[in-house]
Structure formats: structure tokens, C-alpha cells
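Asks: predicted model and sequence below, questions to follow.
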Amino acid sequence: MRSIFTLLGLGFLLISGVQAQTKTEFLPKGHLFEPILLDPLEAKTSASLLRRTEEGVSKDGLFAPFSIGFQKGFFRWSRDERRASELALDVVANTQFEMFHDSQEDKFRRYLFNVDFRVGLLYNLKRGNASWRFRVYHLSSHLGDDYLVRNQINYFLPNAVNYEQMDALYAYQWTSVRLYGGLGVGLRPASERKRLYTQIGTVWKQPNREKLRWWAGIDVRMIEQTNFHPGVTAAVGIELGAIERNPLSLAVQAFHGPLPYSTFEQNINNWVGVGFFLNPF
């Protein structure tokens, strides 16, 4: 309940602080702050098939994270194409499956590992080539019944991945390169979860191509809860479709760092695989 009041209060302050603009749009198209597709927790629609090691031990089969989510503006206030602000909703369910061949029963298994739910409110600003994202959200993490039964877990597991956070991210776009970085702070007491968060990254996209573009990027997330061990995601791939029509991205990707999902976030993981990324609105 506290997080709901926090979201509503921030929304009221942001709306009341917006200066009179020459144009107001309801449910506008596109994004003033382009979503960070390589952030594992970003609100987007995506799916991946990965080979994974955890704490140096190779995991059988495939790790299959997929997300169903979106970022969608409610209201946008703009003076021209280079000066605008918007209030937006941020919603996502990040789900992970473990898929492998059970040699004892000679069957293919697909077990639900974990689901993370997040809902948040965004206030985005655009000034020329620069943009800002101010965000507040609630996130909760839930191990799957499949995982609990298979590992005979019938006792309470401490879960610090149930929290609220406020953060701010700044990005600057050149012709083909985008750089971004920002800071955040958790709203739960430090006794429940360590608070600090930081993120940096860059994305390159092939310029002057209308429907098919090569792209590559790297994203680095660091949180105090995992002693600021970098969680690094890197990818290279192609983007299909016109930029203004929310294109589909296909990529080969790799990751190193603390597991970005579930209560086992202290475990160091490495993976490599393929995936697709899409923001449907």
C-alpha cells in the first residue's frame, strides 16, 4: 500500500509541475526515453535461449528467460520535436524456465524457475539529443512451484527481492551512438535491502538504414545488495522494421554477473545465447 501511495504522489507532483505546453497528447506514440533493451529487468517483450553456468558449474540444458511487458505514455506535453515531456506506465513480468533432458525418465523437461513482477511510473524528458528518465517502481520475485518441488524446498527462504526503488537515468544520442547512465536508491529500510544502484551503457545502431540495421550494445548494472559486482550484458544483432514502428531486434547475447532474477541474486552467472527484443507500444 505504501508503494501505491508513493507512485500516486509522485505522479501528482510531476503533472502539477509541468509547464503549459503548446500541445498535449493522450496515449502518444513512441518513447521520449528509448527503453534499455539490454537491461535484463527492463519492461519489454523478449525471449532468449541460453547456455548457463552458475558459480562456475555448468547447468544442464537451456535457461530460457522471457518477458511480457511494455512502457506506454499516458500524456505527452510538447513544444516541438526537440522539447517534450511525458508521464508513462512501466509494467513487466520477467519469467525464467529451465529446459533439459531427464536421462532417468528419458523425457524433455521444462520447469518454471522464477517470476519477477514489476510495476512503475515514469516521467520522461527530451531536450534535443538529450533525454532523462525518472522512475519509481515496485518489484517482487517469486520462485516457481516447479523449482520448489523439484528441489524439495518446504521451508522459508529469505527474499530481499521485494522492494521499491526510485532512480534517474540520463542519455545522449549522437547519429549512431547512444550513451546513458544513472543512479537509484531503494525505498525499503537498509536492514531489509541495501539501497544503492547504478547503471551505465551504450548502444550503436547502423545509421541511415530504414528497415534493417546492425546494432551492438553493452549494459552494466551494479547494486549494493550484491556488493556492486557488475552485471554485464553485451549483444550484437540486427534490428528489423522502421524505427517509428517499434522494430524487432534479434541478437546474440552474453552475460556475466550476479543473477538478475530471483532471490538467488547473489549467485554469479555466465551465459551466452540468442534472443529477440520488442517494445510493443
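Replies: Arrived safely. Residues are numbered from 1 along each chain as shown.
Asks: the strands in the stretch 1-150 of the chain, which residues?
Replies: Per DSSP state E, counting those that start in this stretch, the stretch 1-150 of the chain carries strands over the ranges 23-26, 45-54, 57-58, 62-80, 83-102, 107-127, 130-143.
Asks: among those strands, which is nearest residue 174?
Replies: strand 130-143 (11.0 Å; Cβ to Cβ). C-betas here are computed from N, CA, C, even on glycine.
Asks: save the strands of the stretch 1-150 of the chain as TSV, and put in mean pLDDT and mean neighbour count too.
Replies: Converted to TSV, the strands of the stretch 1-150 of the chain look like this (pLDDT from 0 to 100; neighbours: other Cβ atoms under 10 Å):
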stretch	mean pLDDT	mean neighbour count
strand 23-26	94	12
strand 45-54	97	18
strand 57-58	96	8
strand 62-80	95	19
strand 83-102	95	19
strand 107-127	95	18
strand 130-143	98	19
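Asks: save the ones you listed as CSV, and put in distance to residue 226 too.
Replies: Output for the strands of the stretch 1-150 of the chain, formatted as CSV (distance: least, Cβ to Cβ, whole Å):
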stretch, distance to residue 226
strand 23-26, 40
strand 45-54, 14
strand 57-58, 19
strand 62-80, 18
strand 83-102, 17
strand 107-127, 15
strand 130-143, 14
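Asks: tell me how far residue 24 lies from residue 133.
Replies: Using Cβ to Cβ, to the nearest Å, residue 24 is found at 20 Å from residue 133.
Asks: ignore the last one, residue 198
Replies: From residue 198 to residue 133 the distance is 14 Å (Cβ to Cβ).
Asks: quick one on the thing from earlier: closest one to residue 277 among the strands of the stretch 1-150 of the chain?
Replies: When the strands of the stretch 1-150 of the chain are compared (using Cβ to Cβ), the closest one is strand 45-54, at 4.5 Å.
Asks: off-centre distance for the closest one?
Replies: The chain centre lies 14 Å from the centre of strand 45-54; the measure is Cα atoms, centre = their mean, to the nearest Å.
Asks: residue boundaries of the helices in the stretch 101-250 of the chain?
Replies: Taking DSSP state H, counting those that start in this stretch, the helices of the stretch 101-250 of the chain run over residues 145-150.
Asks: under the pLDDT cut-off, which ranges of it? List them.
Replies: Nowhere does the stretch 101-250 of the chain drop to pLDDT under 70.
Asks: which residue packs closest to residue 251, ignoring adjacent ones?
Replies: Residue nearest to residue 251 in three dimensions, not counting chain neighbours: residue 237, with 2.9 Å by Cβ to Cβ, 6 or more residues apart in numbering.
Asks: do residue 39 as well
Replies: Sequence neighbours aside, residue 219 is the residue nearest to residue 39 in space, at 5.4 Å (criterion: Cβ to Cβ, 6+ apart).
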